[in-house]
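Participant: I need the structure of the sequence given here:
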Amino acid sequence: MEKPKHSSIFKRVITALVLAPLTIVVIYFGAPYLNIMALVFGAMLAWEWAHMVPNGNTPVYAVAYTVSLAASVLMNCPFAIGAVIVGATLFVWKKAAAESRRNLLTLGVPYISVGIGSLVWLYNAVGFETMLWFLLMVWFVDIGGYVVGVNLKGPKLAPKISPNKTWSGLIGGVLFSVLASVVFSLIFSSHVNWGFYALLGAVIAVIAQIGDLVESYIKRSLGLKDSSNLIPGHGGVFDRVDGLIFSAPLVVLWFKFGLLLF
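Facilitator: As a prediction, this is how the structure comes out:
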């Protein structure tokens, strides 16, 4: 995410103080509350994508994204979910044949449905504690990146994609994520291996930062600063969950191979 101006910091902090505890409470209680929250934020993300990518039939694309998303967070059969996602992707690809941004419009289907769906799939696979660990990794990347980047500044990370990001912010985000992972594992893990958790924290931090840069690249290609103004101080939902939905599918695959942490 782009670094906020001083005037938006207060809104940013207040919003975070509301959303973070709410998210933790929701994942603690799990289904159906987690599914509902994923569906609500995913629908907002579907609306954002359909509006921020120039096209001639916004409602149709928004509905296609939302239907695919609903399948990913409400259905339990992987084959059925996959069929809906593939079907929606092919539908949007065909519908957008005359659109100037056909690739981006089509990308919205798997990006939203798999990204948001992976959060539900991850919870179903590992439960509350590991899900909380994952969220903290991504949140601390943002916190560390902002705190360290603002104070140390230094060389730009990717000036043509995201002018405000610095190498110091990237390193700070990784270090914060690593520290949070180690501390969390010492508290909750029954088989503590802090080096292993430190490595996982670093890997997730880097992947989340890549997701952040991907979002920045998409917005820059569209001439946008924020994906919308739905979340005070944070821009849009895409601005808030970019690293989360980019890294979540990879974490799901990691746990799918049987490696449970806590």
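Participant: how near is residue 124 to residue 30?
Facilitator: Distance of residue 124 to residue 30, given as Cβ to Cβ, to the nearest Å: 9 Å. To be clear about C-beta, it is placed using only N, CA and C from the backbone, and glycine gets the same treatment.
Participant: check contacts around residue 61.
Facilitator: Contacts were defined as Cβ atoms under 8 Å, 6 or more residues apart in numbering; by that measure residue 61 touches 49, 50, 53, 55, 92, 95, 96, 105, 108.
Participant: Could I get the contacting residues of the first one?
Facilitator: Same thing as residue 49. Contacts of residue 49 by Cβ under 8 Å, 6+ apart are 61, 62, 65, 108, 111, 112, 227, 238.
Participant: Can you give me the buried ones in the helix or strand it falls within?
Facilitator: In the assignment (DSSP states H and E), residue 49 maps to helix 33-52. For helix 33-52, a neighbour-count test (16 or more other Cβ atoms under 10 Å) marks 34-35, 37-39, 41-50, 52 as buried.
Participant: now swap in stretch 103-111 and tell me
Facilitator: Under 16+ other Cβ under 10 Å, the buried positions of stretch 103-111 are 104, 105, 106, 107, 108, 109, 110, 111.
Participant: what's the answer for stretch 246-254, then?
Facilitator: Those would be 246, 247, 248, 249, 251, 252, 254, for stretch 246-254 by 16+ other Cβ under 10 Å.
Participant: give the contact list for the closest residue in space to the second one that isn't next to it in sequence.
Facilitator: Right, the one you point to is residue 247. Leaving aside its sequence neighbours, residue 247 sits nearest to residue 207 (Cβ to Cβ, 6 or more residues apart in numbering; 4.3 Å). Applying Cβ under 8 Å, 6+ apart, we find residue 207 in contact with 243, 246, 247, 250.
Participant: which ones among these are found in helices?
Facilitator: The members of those that map onto helices under DSSP state H are 243, 246, 247, 250.
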